[in-house]
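Student: Predicted coordinates and the sequence they were generated for:
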Amino acid sequence: MTGADLGLGLRLSRQAQWNQTETDWRRFLELGGEGCFIAELDGTAVGTTTTCIFDSVAWIAMVLVDVEARRQGVGSALLRHALAFLDAKGIETVRLDATPAGQPVYEKLGFQPEYLLTRYEGIASRSDTEAHTEQATAETLAEVSELNHRMTGTNRATLLSRLFADAPQSMRIVRIAGRLEGFITSRPGANATQIGPCIATAQAGPILLAETVNRCAGQRVFVDVPSDHVRAVQTLEAKGLKAQRYLRRMHRGKPIRDHVEALWAGSGPEKG
Ligand SMILES: CC(C)(COP(=O)(O)OP(=O)(O)OC[C@H]1O[C@@H](n2cnc3c(N)ncnc32)[C@H](O)[C@@H]1OP(=O)(O)O)[C@@H](O)C(=O)NCCC(=O)NCCS
């Protein structure tokens, strides 16, 4: 996949009613480089997938097949191709967040189920919070990446730098006694503002989530949280957001030990 295929990507993500914008697709291409692929059926482009490598871990995203071309093996062929690409690079772990349509395809290719994520959706409402967040800066980005690495077991510095560059004002951090305790960001989507990623301690998580929902007051928002993360779920339900759909986080290869309790919002189900 190259920049010339952006139109295909946007058409397929809109057809599936996904939330990605052109900015998101450009970010996938920039981070994924030569690891983003399209599928052709009888000479017509009908499918996409992207990969993003973070050291020895890779994420697969944007697995989309045109409705007219489904159930003919295109999705599986795209996945096999992407996995061969990642295997050739010596990647130890491949992860993704599967929709119910995608999960059986991934299971057949050796992916193991991990935890469930719930997508919360609604119109963000404002409420009083004693928020103590500050805007992230280029100088704090290294600390943000280090905290993320410690909590998720994955060095996502490239993704976080890119999300920061896209919207510096949206990346917020919390410090307690001078120590970085968490960060959050958000970005516009085709259907709603996507809130996340948010990686934080038990003290900082509710502050970051509640304040970001406040900042989005009046807008439709999506937030993806581990379904068993009771405090994150309570924080979002207190804001009137409702569970909309579920995604299964999956991996192939070496398991990653992430601290699920520090995951207050995923970066979006289509990219982990
Ligand atoms: C999920 C998705 C990518 C699958 O793409 P696809 O091209 O239909 O996938 P495949 O054809 O390889 O496999 C799908 C099914 O068709 C079956 N199949 C494959 N080749 C077939 C053939 N020649 N004849 C009949 N069935 C076939 C597969 O066994 C599989 O069956 P299962 O669902 O019972 O396991 C597609 O449905 C899609 O784009 N959905 C919307 C977006 C989405 O949810 N993406 C996944 C994100 S995680």
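Tutor: That came through, no problem.
Student: And the helices in the chain, which stretches?
Tutor: Along the chain, counting by DSSP state H, helices occupy 6-15, 22-32, 74-88, 103-108, 141-152, 157-166, 204-215, 230-238.
Student: Need the pLDDT of Ala69.
Tutor: Listed pLDDT for Ala69 reads 98.
Student: what's the closest of the helices of the chain to the ligand?
Tutor: For the ligand, the closest of the helices of the chain is helix 74-88, at 2.4 Å, according to Cβ to the nearest ligand atom. To be clear about C-beta, it is placed using only N, CA and C from the backbone, and glycine gets the same treatment.
Student: anything in the closest one near the ligand?
Tutor: Yes - counting by Cβ under 6 Å from any ligand atom, the ligand is contacted by helix 74-88 at 74-76.
Student: which of these tops the neighbour count?
Tutor: Gly75 (21 neighbours; other Cβ atoms under 10 Å).
Student: Okay, that residue and Leu247: tell me how far apart.
Tutor: As judged by Cβ to Cβ, to the nearest Å, Gly75 and Leu247 stand 16 Å apart.
Student: Could you do Ile207 as well?
Tutor: Look at Ile207 and Leu247: by Cβ to Cβ, they are 25 Å apart.
Student: what about the strands in the stretch 151-272 of the chain?
Tutor: 172-176, 179-187, 193-200, 220-226, 242-253, 263-265 (DSSP state E, counting those that start in this stretch).
Student: Mean neighbour count, those: which tops it?
Tutor: Mean neighbour count (mean count of other Cβ atoms under 10 Å) peaks for strand 263-265 among these, with a mean of 29.
Student: Please name the nearest non-neighbouring residue to Asp228.
Tutor: Once flanking residues are discounted, Asp228 sits nearest to Tyr115: 6.7 Å by Cβ to Cβ, 6 or more residues apart in numbering.
Student: So which bits of this structure are right by the ligand?
Tutor: Within the chain, the positions adjacent to the ligand are 16, 63-65, 70-76, 98-99, 101-102, 104-105 by Cβ under 6 Å from any ligand atom.
Student: Kindly give a single ChimeraX line that selects the buried subset of the residues you listed.
Tutor: Buried residues among those (16 or more other Cβ atoms under 10 Å), as a ChimeraX selection:
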select :16,63,64,65,74,75,98,99,102,105
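Student: Now intersect the residues of the chain next to the ligand with the strands, please.
Tutor: 63-65, 98 (DSSP state E).
Student: Mind picking the two most distant members of those?
Tutor: Of all pairs drawn from these, the one with the longest distance (Cβ to Cβ) is Val65 and Ala98, at 14.2 Å.
Student: OK, contacts around Gly75?
Tutor: The contact partners of Gly75, taken as Cβ atoms under 8 Å, 6 or more residues apart in numbering, are 47, 63, 65, 102, 105.
Student: which sections of the stretch 51-200 of the chain are below the confidence cut-off?
Tutor: Scanning the stretch 51-200 of the chain for pLDDT under 70 picks out the ranges 130-131.
Student: Tell me how many other residues crowd Tyr115.
Tutor: The number of residues packed near Tyr115 is 15, by other Cβ under 10 Å.
Student: Would you mind measuring from it to Val260?
Tutor: According to Cβ to Cβ, Tyr115 stands 6 Å off from Val260.
Student: So for the two, which residues contact both of them?
Tutor: 226, 228.
Student: what sits against the spatially closest residue to Gly196 that is not a sequence neighbour?
Tutor: Distances taken as Cβ to Cβ, 6+ apart place Ala265 nearest to Gly196, at 3.2 Å, with adjacent residues excluded. Taking Cβ under 8 Å, 6+ apart, we find Ala265 in contact with 184, 195-198, 209, 223-225, 232.
Student: Make TSV out of those residues and add distance to Arg27.
Tutor: Formatted as TSV, these follow (distance: Cβ to Cβ, whole Å):
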residue	distance to Arg27
Ile184	18
Ile195	17
Gly196	14
Pro197	13
Cys198	18
Leu209	23
Val223	19
Asp224	17
Val225	22
Ala232	25
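Student: Fine by me, thanks again.
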